[in-house]
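Colleague: Quick one, fold the following:
(4 chains)
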Protein chains: 2
Amino acid sequence: MQLGKGVEWTTHICTVLALLPEGKGLSVDALADFFEVPSAYLSKQMQLLRRAGIAESVRGKRGGYRLATSVDAISLLDIVRAIEGPMPAFRCTEIRRNGPCGLKPKDCKRPCEIASAFAKAEDAYRQALQSQTLAGIMQEAATNSSPEHVMEIATWVQRQIA
Amino acid sequence: MQLGKGVEWTTHICTVLALLPEGKGLSVDALADFFEVPSAYLSKQMQLLRRAGIAESVRGKRGGYRLATSVDAISLLDIVRAIEGPMPAFRCTEIRRNGPCGLKPKDCKRPCEIASAFAKAEDAYRQALQSQTLAGIMQEAATNSSPEHVMEIATWVQRQIA
DNA sequence: GATATCCAGATAAAAAATATCCGATTAAGG
DNA sequence: CCTTAATCGGATATTTTTTATCTGGATATC
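Modeller: Have a look, this model is predicted:
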């Protein structure tokens, strides 16, 4: 059970996009260089962010990506759902209907207890993701990292949009 | 992000093994027939259960699998860990070290804030799994299902060990 | 000794994740 | 108007993971 690399990539990228001044954007190539990830594939992940309403894109020369909303309105759950889709981790294939003692469809109106139990756990997971916003993560990062490094990144961003 | 089929299979199977009288076991073939899942592959999953200490096996004729402990000592987390292994869903590849603003290893002693945030969510997931035991699930199932179906399964188990 | 069973390792097939490429569109700037 | 830089969507290729099977060996029962 693993999350795609896109989740890691785009979460980090959102923390960079958050540093952009109003009206500016960063190209996929610039972002791919910044994190040394494959540009063409990252492009796909960014499109997923856009479709989910987390980022917005501007086409054409001097275009690029930027955040669509404020960092305190973007939770980790938003990002995971954008990249991974809405499917639950536990896949119930209704094997209770199989075999010599299989249940008939009419006796399967309520979900089976095992599927429900896993669904409960996934709800806890989602809630934990939802309660953590980009804003919170960036604040933690700011207090943990050196002022030099923060400056380094800000300078890089400035250079890109100059 | 998906759990393997083995998680669904073996969880259901544990609820059947729990019905066995002391000292008896069920063969992989019988279990595979019961749920109509591929026998050879199920065999692998059952071996994982055994190595995790959830089930124990008896070789030779009239051998098979049975639970190694009581149902209230087996949590869903135990089963997931047995089948899926201990790896976290979020894979931190330390991309903060990459690119023009990459951090040096000495500045990465504490885990990055993003990885920590996902780890928190996974902790919530694991705890929710751990708090749900086979005993609890079976009790729910017993109250939700018809007495006829319970009897049907009990009869099938009896026939297998006869 | 014949049979039924688990076990470990090797291998194969199918599915999913990862990655790349290309043609179309769109906007900026000379 | 033309060139350049950028996203977009679709098609395709590669790699990895999951799913599944096979085979030979060990072991216990009858």
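Colleague: Only the buried residues of the longest helix along chain A, if you could.
Modeller: Among all segments of chain A classified by DSSP state H, the helix with the greatest residue count is helix A:113-130. Across helix A:113-130, burial judged by 16 or more other C-beta atoms under 10 Å in any protein chain shown covers A:113-118, A:121-122, A:124-126, A:128-129. C-betas here are computed from N, CA, C, even on glycine.
Colleague: Farthest from the middle of chain A: give me that residue.
Modeller: In chain A, A:P100 marks the outermost C-alpha relative to the chain mean, sitting 43.5 Å out by C-alpha atoms, centre = their mean.
Colleague: got a list of what it touches?
Modeller: Contact analysis of A:P100 by C-beta atoms under 8 Å, 6 or more residues apart in numbering or on different chains lists B:D33, B:F34, B:W156.
Colleague: Please report phi then psi for it.
Modeller: phi -60, psi -30 (degrees, to the nearest 10).
Colleague: can you check A:G53 too?
Modeller: Here is the backbone geometry of A:G53 (degrees, to the nearest 10): phi 80, psi 10.
Colleague: neighbouring contacts of stretch A:31-51?
Modeller: By C-beta under 8 Å, 6+ apart, the surrounding residues in contact with stretch A:31-51 are A:5-6, A:9-10, A:12-14, A:16, A:28-29, A:55-57, A:65, A:68, A:79, A:82-83, A:156, B:95, B:98-102.
Colleague: CA atoms only for it - export them in CSV, please.
Modeller: Taking Å, rounded to 0.1, in the frame of the first residue of the first chain, the C-alpha atoms of stretch A:31-51 are listed here in CSV:
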residue,chain,number,x,y,z
LEU,A,31,9.7,23.3,-10.7
ALA,A,32,11.1,20.0,-12.1
ASP,A,33,14.6,21.5,-12.0
PHE,A,34,14.0,22.8,-8.5
PHE,A,35,13.3,19.3,-7.2
GLU,A,36,15.1,17.2,-9.8
VAL,A,37,12.1,15.3,-10.9
PRO,A,38,11.1,14.3,-14.4
SER,A,39,9.5,17.2,-16.0
ALA,A,40,7.1,15.5,-18.4
TYR,A,41,5.7,13.3,-15.6
LEU,A,42,5.5,16.2,-13.2
SER,A,43,3.4,18.0,-15.8
LYS,A,44,0.8,15.3,-15.4
GLN,A,45,0.7,15.6,-11.7
MET,A,46,0.3,19.3,-11.9
GLN,A,47,-2.6,18.9,-14.3
LEU,A,48,-4.2,16.8,-11.6
LEU,A,49,-3.7,19.5,-9.1
ARG,A,50,-5.3,22.0,-11.4
ARG,A,51,-8.4,19.8,-12.1
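Colleague: State the mean pLDDT of it.
Modeller: Mean pLDDT, stretch A:31-51: 97.
Colleague: Check the offset of that stretch from the chain's centre.
Modeller: In terms of C-alpha atoms, centre = their mean, to the nearest Å, the centre of stretch A:31-51 is found 12 Å from the chain centre.
Colleague: What of stretch A:4-18?
Modeller: Centre to centre, stretch against its chain (C-alpha atoms, centre = their mean), the figure for stretch A:4-18 is 7 Å.
Colleague: check whether it contacts DNA strand D.
Modeller: No: Stretch A:4-18 does not reach DNA strand D (C-beta under 7 Å from any atom of the strand); its nearest approach is 10.6 Å.
Colleague: Show me which residues of chain A are close to DNA strand C?
Modeller: Going by C-beta under 7 Å from any atom of the strand, the residues of chain A near DNA strand C are A:2, A:4-6, A:37-41, A:43-44, A:58-63.
Colleague: go with 6 Å
Modeller: Counting by C-beta under 6 Å from any atom of the strand, chain A comes close to DNA strand C at A:G4, A:K5, A:G6, A:P38, A:A40, A:Y41, A:K44, A:R59, A:G60, A:K61, A:R62.
Colleague: Which of those residues lies at the shortest distance from A:A89?
Modeller: A:G4 (12.9 Å; C-beta to C-beta).
Colleague: residue ranges for the strands of chain A, please.
Modeller: For chain A, the strands defined by DSSP state E cover A:55-58, A:64-67.
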